[in-house]
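J.: Here's my sequence, what's the structure:
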Amino acid sequence: MIELLTSDYSRIRHLLKHKDGEFKFVFVGGVIDLNQPGKIFVNNIDHPTAGIVTSRGGKYYLFGEEDDQLFNRSLLDFLADPANHANYYDLYLSSRHWLTVVKGPLKDNTVELSRTHYIMSDNAADSGASQEQAGEFVLTRMDEQLFERYIQEMDDSYRLLWDSAETYLEKAYGFSYSNEAGFVSVCNTFYLGGGYIEPDIITHQDYRNQGLAFRLCQEFIELGRMRNLTTYWDCDSGNHASNHLAVKLGLAKVGEIPILWWHENKEVVAKYLASYNYTT
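T.: Now for the predicted structure:
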C-alpha cells in the first residue's frame, strides 16, 4: 500500500465507480475534495488499479481491481491492525467480488452488515410542504457554540470528521431543536463531497415520533438545494426508523449493499446486531 499525495487524488477518480450499481460514497468525495480529513492508499503510484480511501471518521472504501495479491496482503494486514484505526471502521466495497476477497481473512475481527442507500429525487419534500409542527421547540442553525456543545454532549466523533468548528461552518451546516435540558433533535452534515451531502440525524429518545427529525431534514435538504448539493442517505437496512424517514422525505432508494464493520468493543457490536435483528 502506497499513500497518495493529495495533489494526486484526482488520478484515481476513474477507479471509484461501484461495479454493481449507482451507489455514491459521500465520504470518498469528502476526502478527495479535501473537505474532511483522510488518506488514500493505492497499489501502484504510477499506474494505480486498486486502492482504499480512508476517512478519519471511520468510513473506508475499497476500490478497483481485486487480483493484485501483493496489495491484498498488505491491505489485510492494515485492516487487521487496530493501531491503524480509531475505535471502529465501516469497510465499503466497490464490488461484491471484493467481499469474497476480504471477508474470510477478516472474519474474526469484523461482522457483515447491510446498508440501504437513498438519493434525493425531484419529489423530495420541501420545507413549505410540511404539516409537521415543532411545538415548543425553536429551530436553530448550527453555529460554532452549538457545534462544540454537540461534540461534548452528543457525538465526540465529530472531532474526527471535521478539523474544527470553523472548518465545519465554512463547508457544511446543520440544524437543531433544543430545550432547557439541551439538544432534543439534531441534523448535522456527516459527510460532504463530490456534489453530495450526507445528513446525520439524532433525536433524544424522549422526543421521538413528534416529527422533529423530519422537520430538521426538510431544512437540511432545502439548504442543500440552494447550495446545489444533492442529499444522499446511507443507513442500516434494519434501521426501520431511518429507512422510513428517508422514504417520507421523498428520497429514492438506490439499493442495498454489504459492508464489513469492525469495532474495538465487542459489546457494542453485540448490542448493534441485536438492535437491527442480525442473526449471529
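
J.: Mean pLDDT per helix and strand in the protein: which one sits at the bottom?
T.: Lowest by mean pLDDT, DSSP states H and E among the helices and strands of the chain is strand 138-141, with a mean of 89.

J.: what does it contact?
T.: 146, 173-178, 215-216, 219 (Cβ atoms under 8 Å, 6 or more residues apart in numbering). From N, CA and C alone the C-beta is placed, and that goes for glycine too.

J.: List the ones among those residues that fall in strands.
T.: Under the assignment DSSP state E, the contacts of strand 138-141 contribute 174-178 to strands.

J.: Kindly present those residues as TSV, with separate columns for neighbour count, distance to Pro258 and pLDDT.
T.: Putting those into TSV (neighbours: other Cβ atoms under 10 Å; distance: Cβ to Cβ, whole Å; pLDDT from 0 to 100) gives the following:
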residue	neighbour count	distance to Pro258	pLDDT
Gly174	26	29	96
Phe175	21	32	96
Ser176	26	33	94
Tyr177	24	34	93
Ser178	16	37	88
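
J.: residue ranges with poor pLDDT in the stretch 1-150 of the chain?
T.: Along the stretch 1-150 of the chain, segments meeting pLDDT under 70 span 122-135.

J.: how does it look with 90?
T.: Along the stretch 1-150 of the chain, the model assigns pLDDT under 90 to residues 10, 20, 86, 108, 121-139.

J.: now the helices for it?
T.: 26-32, 69-80, 96-102, 144-153 (DSSP state H, counting those that start in this stretch).

J.: Tell me the helices and strands packed up against the first one.
T.: Put plainly, it is helix 26-32. Applying 3 or more Cβ pairs under 8 Å, 6 or more residues apart in numbering; DSSP states H and E, we find helix 26-32 packed against strand 38-42, strand 50-55, strand 59-64, strand 182-193, strand 196-203.

J.: okay if I get the ones you listed as CSV plus distance to Asn277 and mean neighbour count?
T.: Below are the helices and strands packed on helix 26-32 laid out as CSV (distance: least, Cβ to Cβ, whole Å; neighbours: other Cβ atoms under 10 Å):
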stretch, distance to Asn277, mean neighbour count
strand 38-42, 31, 21
strand 50-55, 27, 25
strand 59-64, 23, 24
strand 182-193, 24, 23
strand 196-203, 21, 21
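
J.: was I right about Lys248 contacting Ala213?
T.: No. Assessed by Cβ atoms under 8 Å, Lys248 is found out of contact with Ala213, at 9.7 Å.

J.: if we can go back for a sec, who wins for proximity to Trp233 among the helices of the stretch 1-150 of the chain?
T.: Checking those against Trp233 by Cβ to Cβ gives helix 26-32 as the closest, at 9.7 Å.

J.: With just CA atoms, put the closest one into PDB.
T.: C-alpha atoms of helix 26-32 as PDB (Å, rounded to 0.1, in the frame of the first residue of the first chain):
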ATOM      1  CA  VAL A  26     -20.100  10.800   0.000                       C
ATOM      2  CA  PHE A  27     -17.200  10.300   2.400                       C
ATOM      3  CA  VAL A  28     -14.900   9.400  -0.500                       C
ATOM      4  CA  GLY A  29     -15.800  12.700  -2.100                       C
ATOM      5  CA  GLY A  30     -15.100  14.400   1.200                       C
ATOM      6  CA  VAL A  31     -11.600  13.100   1.300                       C
ATOM      7  CA  ILE A  32     -10.800  13.700  -2.400                       C
END
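
J.: returning to that earlier point: of Lys248 and Ala213, which one has the most company?
T.: Ala213 (25 against 14; other Cβ atoms under 10 Å).

J.: Does that one touch Asp200 like I think?
T.: No. Here Ala213 lies out of contact with Asp200, judged by Cβ under 8 Å, at a distance of 11.0 Å.
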